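Colleague: Need the 3D shape of this:
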Amino acid sequence: MQLDGERFLRDEITHIKAAVIGDMMTDRYITGKVNRISPEAPVPVNLVQSQRDVLGGAANTAANLAALGCKVYAAGMRGNDSDGAVLSSLLQQAGIDMSGLVTADHYHTTAKIRILGARQQMMRLDYEEKKQPSSEQVKFIMDWLEGLLQNGLGAIVLSDYGKGMITEELAQSVIGLAKSFSVPVLVDPKGSDWTKYDGTYGITPNLKELADCVGKEIPNEEEAIVAAGRGVRAKFHLTHLFVTRSEKGITAVSENSAVHRASVAQDVFDVSGAGDTVMAVTAAATAAHMDMETLLELANKAAGIAVSKVGTYQVKREELLHAWVSGDTMRLSYHPLTWEEAEKKVARWKARGEVVVFTNGCFDILHRGHITYLQQAASLGDHLIVGLNSDRSVKALKGPSRPVNNEEDRSFMLAALRSVDEVVIFDEDTPEELLSHLKPDILVKGGDYKVSEVAGRQYAGKVEILPFVDGYSTTNMIKKIRNK
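Modeller: Numbering: from 1, shown residues only. Purely as a prediction, here's the structure:
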């Protein structure tokens, strides 16, 4: 009997145990404001406003599995350094078992630092040191893995980012041991030579990675991908090859079949980590022995949610369940949360260690300035909740002719934005009372405010001031329309 996608997401997925072995790393986002050039050199000066650390590489795949409700065990290498401490802390916050992590002296934990300013990435700084595990470390990981397999592991992921962890010795040892327990191993590959993955259950390349493997360009067409996939599958003795094809979805090439699933039309904000999302869903669904058609549909929906968010994002089980049940990732109808609902939802997010960002405003006639501001706010955390001034509140602040759009329409339009998780309406002139209930991690205010002037600041972990985009104003838009 085929496993139903809804039943899988509601119950089965929470019983799955998965191990992720690979190149563990952290991603750090340093966000600032740029308004002058350095007198020392012709470079912009970035006035740092916030710093955010998230899991990267194999650790992000593990975090995606954990967000889907699986019990996750991680193995990899970390240095005895500050970035290693950050990595361990983030894994712990995500509820991931770190018993397979190896601490290596004289090794710098891989960390990618992105400097953001002027609404764009200005620079990326990478701390990395390619280091292969020693024979003793390989033995430690294999003993660790065998113990997990004896206790009922459902799937193993080898997440190879080319930093040295996934050697041929380790990969072949894992694949051989897993076969003896009839447990599938899925590989996120790196490089053009896939010899070390020989005999694995499945590999999940994107189209470029597949082209690198075969040594020639492959058009993003089903016939060409299937032909190349069958050759690669036979050469490396794979059970399945899962090829992610960007806007054209996913193709799975198996021994006697090829299954295609097109992606849903989707606004794309950021593709960071979308491959890790696909891998997580594929591994969990494989562990549950799900049929290929349903597996690919779930992976497509999860990828659609991931790319609609700003920055690296782990898709939550309830999000994917909602998308699956509704048949679409778009919100075709929306009702803003009550204060009680919003308070409970924020508490759930924070209990999972997720960073909650709050901002507020009238948002009457949405324009580019609003969208840019909300995207910037969302990039500071995991969830953005927007406090929306009620119609009465807008009239008190803007005058009797406002708002142009009523609160129901304004909340619907805000909720349709991919950067916004939820909307809650407040009737007061400021959101101070609402903030006393929500207590977000970050309170964002737009404009030239000083932190000491922001209402409700005492109820937030910290306050961030973001500049508005010059040249965009609802008031000016209304004047322009009236003048014409």
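Colleague: contacting residues for residue 388?
Modeller: By C-beta atoms under 8 Å, 6 or more residues apart in numbering, residue 388 lies in contact with 336, 360-363, 407, 410-411, 414, 423-426. In this view, the C-beta of every residue, glycine as well, is placed from N, C-alpha and C.
Colleague: Let me see the contact set for residue 300.
Modeller: 249-250, 261-264.
Colleague: before we move on, what about residue 450?
Modeller: If a contact means C-beta under 8 Å, 6+ apart, then residue 450 has residue 465 as its contacts.
Colleague: Which strands or helices does the helix or strand hosting residue 99 pack on?
Modeller: Residue 99 belongs to strand 97-104 when assigned by DSSP states H and E. Counting by 3 or more C-beta pairs under 8 Å, 6 or more residues apart in numbering; DSSP states H and E, the packing neighbours recorded for strand 97-104 are strand 71-79, helix 82-93, helix 135-150.
Colleague: The ones you listed: which one's closest to residue 340?
Modeller: Evaluated over the helices and strands packed on strand 97-104, closeness to residue 340 peaks at helix 82-93, with 26.4 Å, by C-beta to C-beta.
Colleague: quick one: buried residues of the closest one?
Modeller: Neighbour-count burial for helix 82-93, counted by 16 or more other C-beta atoms under 10 Å, picks out 83-84, 86-88, 90-91.
Colleague: Give me the contact list for it.
Modeller: 24-26, 53-55, 59, 62-63, 74, 78, 98, 101, 103, 108-111, 127, 353.
Colleague: Export that helix to CSV, keeping only CA atoms.
Modeller: Extracted in CSV, the C-alpha atoms of helix 82-93 (Å, rounded to 0.1, in the frame of the first residue of the first chain):
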residue,chain,number,x,y,z
SER,A,82,35.2,29.7,18.4
ASP,A,83,33.5,28.7,15.1
GLY,A,84,33.4,25.1,16.4
ALA,A,85,31.7,26.2,19.5
VAL,A,86,29.1,28.1,17.4
LEU,A,87,28.5,25.0,15.3
SER,A,88,28.0,22.8,18.4
SER,A,89,25.6,25.4,19.9
LEU,A,90,23.5,25.7,16.8
LEU,A,91,23.3,21.9,16.4
GLN,A,92,22.2,21.6,20.0
GLN,A,93,19.5,24.3,19.5
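Colleague: That helix to strand 71-79, inter-axis angle?
Modeller: Direction vectors for helix 82-93 and strand 71-79, defined by axes from the mean of the first three to the mean of the last three C-alpha atoms, to 10 degrees, enclose an angle of 170 degrees.
Colleague: Now do helix 82-93, average pLDDT.
Modeller: Averaging pLDDT along helix 82-93 yields 95.
Colleague: Compute the inter-axis angle for it and strand 97-104.
Modeller: On the basis of the same axes, to 10 degrees, helix 82-93 is oriented at 170 degrees to strand 97-104.
Colleague: ok, back up a step: dump the helices and strands packed on strand 97-104 into CSV; add distance to residue 388 as well.
Modeller: As requested, the helices and strands packed on strand 97-104 are arranged in CSV below (distance: least, C-beta to C-beta, whole Å):
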stretch, distance to residue 388
strand 71-79, 37
helix 82-93, 30
helix 135-150, 47
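Colleague: on that earlier part again, so which of the contacts of helix 82-93 belong to strands?
Modeller: Applying DSSP state E to the contacts of helix 82-93, the entries found in strands are 24-26, 53-55, 74, 78, 98, 101, 103, 110-111, 127.
Colleague: Just the buried residues of the strand holding residue 99, please?
Modeller: Buried residues in strand 97-104, counted by 16+ other C-beta under 10 Å: 97-98, 100-102, 104.
Colleague: what comes into contact with it?
Modeller: By C-beta under 8 Å, 6+ apart, strand 97-104 touches 19, 21, 24, 71-80, 84, 88, 91-92, 131, 133, 137, 140-141, 144-145.
Colleague: Quickly run through the sheet partners of that strand, with directions.
Modeller: Strand 97-104 has the following strand partners under DSSP bridges: strand 71-79 (parallel).
Colleague: What does the pLDDT read for residue 228?
Modeller: Residue 228 is given a pLDDT of 96.
Colleague: in the protein, what spans have low per-residue confidence?
Modeller: Flagging of the chain using pLDDT under 70 yields the residue ranges 1-3, 118-119, 264-273, 309-312, 327-334, 470-471.
Colleague: mind checking how far the residue nearest the centre of it is from residue 302?
Modeller: Closest residue to the average C-alpha location of the chain: residue 313 at 1.4 Å, with C-alpha atoms, centre = their mean. Distance of residue 313 to residue 302, computed by C-beta to C-beta, to the nearest Å: 10 Å.
Colleague: Which residues are in contact with each of these two?
Modeller: The contact sets of residue 313 and residue 302 overlap at residue 277 (C-beta under 8 Å, 6+ apart).
Colleague: Who are the contact partners of residue 46?
Modeller: 30, 32-34, 115, 117, 122.
Colleague: repeat for residue 96
Modeller: Going by C-beta under 8 Å, 6+ apart, residue 96 touches 59, 62-63, 66, 72-74.
Colleague: quick revisit: which of the contacts of residue 300 are buried, as a PyMOL select command?
Modeller: Buried residues among these (16+ other C-beta under 10 Å), as a PyMOL selection:
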select buried, resi 249+250+261+263+264
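Colleague: Reformat the contacts of residue 300 as a markdown table; add distance to residue 10.
Modeller: Formatted as a markdown table, the contacts of residue 300 follow (distance: C-beta to C-beta, whole Å):
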| residue | distance to residue 10 |
| --- | --- |
| 249 | 25 |
| 250 | 23 |
| 261 | 22 |
| 262 | 26 |
| 263 | 24 |
| 264 | 21 |
